[in-house]
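K.L.:
quick one, structure for this:
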Amino acid sequence: MEQESPDRRESLWRRKLSRPERAELRGQPELELEARLTETLTHLPNTAVPSNFTARVLAAIELEEAQSARSKGWRWNWHWLLPRLAVATAVLLFAGLGIQQHELARNRAELARSLSLVADASTVPSVEALENLEVIQRMSQPVQADTELLAALQ
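P.N.:
The predicted structure follows:
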């Protein structure tokens with residue numbers, strides 16, 4: 001039955017149906033609708049079609065397909081974007097917290113090392129060193145060359 005349907009449709013388009021053929025179509029609603037449509041179209045007057053009609057129709061179809069493809073590409077798909085954005089935010093947040101904790105631990109270790117160095121090195125100066133403070137301070141000043149001694153050596 002399905003193989004007869006395309007042949008029947010084509011016969012509906014090509015010629016006018018006889019009464020027994022119309023009666024046979026009453027059991028098939030799709031073909032009956034097709035027959036009515038074809039009969040209605042035969043009553044329309046024929047119009048002149050431009051020579052480039054097919055090219056214009058195909059160009060319009062291509063333009064419509066290009067516009068629909070372009071509009072699909074630029075549309076925001078929130079179901080696609082939101083989960084990825086949430087995952088990226090979580091990754092950045094955990095990475096930032098990890099880096100902060102690493103820096104904090106490194107600073108603490110540096111402070112502990114510095115304190116241990118200060119604790120080892122900080123001995124209270126003796127009373128004798130404090131009595132000779134002027135001599136110690138002069139030793140830290142830059143020494144000037146003795147010009148008389150240099151002249152005698154030459």
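K.L.:
any regions of the chain where pLDDT drops low?
P.N.:
1-6, 8, 71-75, 122, 124-125, 143 (pLDDT under 70).
K.L.:
ok, longest helix in it?
P.N.:
If you go by DSSP state H, the chain has its longest helix at helix 78-121.
K.L.:
which element, helix or strand, includes residue 66?
P.N.:
Element membership of residue 66 [criterion: DSSP states H and E] is helix 53-74.
K.L.:
residues in contact with that helix: which ones?
P.N.:
residue 50 (CB atoms under 8 Å, 6 or more residues apart in numbering). Every residue, glycine included, has its C-beta placed from N, CA and C.
K.L.:
same question for stretch 35-43.
P.N.:
12-13, 16-17, 22, 25.
K.L.:
closest to the centroid, which residue in this protein?
P.N.:
In the chain, the centroid-proximal residue (CA atoms, centre = their mean) is residue 81; its distance is 7.9 Å.
K.L.:
mind listing what it touches?
P.N.:
No contacts exist for residue 81 under CB under 8 Å, 6+ apart.
K.L.:
and the next helix or strand past the longest helix of the chain?
P.N.:
helix 127-131.
K.L.:
and the next helix or strand past that following helix?
P.N.:
As assigned by DSSP H and E, the chain's next helix or strand after helix 127-131 is helix 133-140.
K.L.:
can you show me the CA trace of the following helix or strand past that next one as CSV?
P.N.:
On the C-terminal side of helix 133-140, the closest following helix or strand by DSSP H and E is helix 147-153. What follows is helix 147-153 as a C-alpha-only set of coordinates in CSV (Å, rounded to 0.1, in the frame of the first residue of the first chain):
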residue,chain,number,x,y,z
THR,A,147,99.2,61.3,54.2
GLU,A,148,102.5,61.8,56.1
LEU,A,149,103.1,58.1,56.3
LEU,A,150,102.3,57.7,52.6
ALA,A,151,104.7,60.5,51.7
ALA,A,152,107.5,59.0,53.7
LEU,A,153,107.0,55.6,52.0
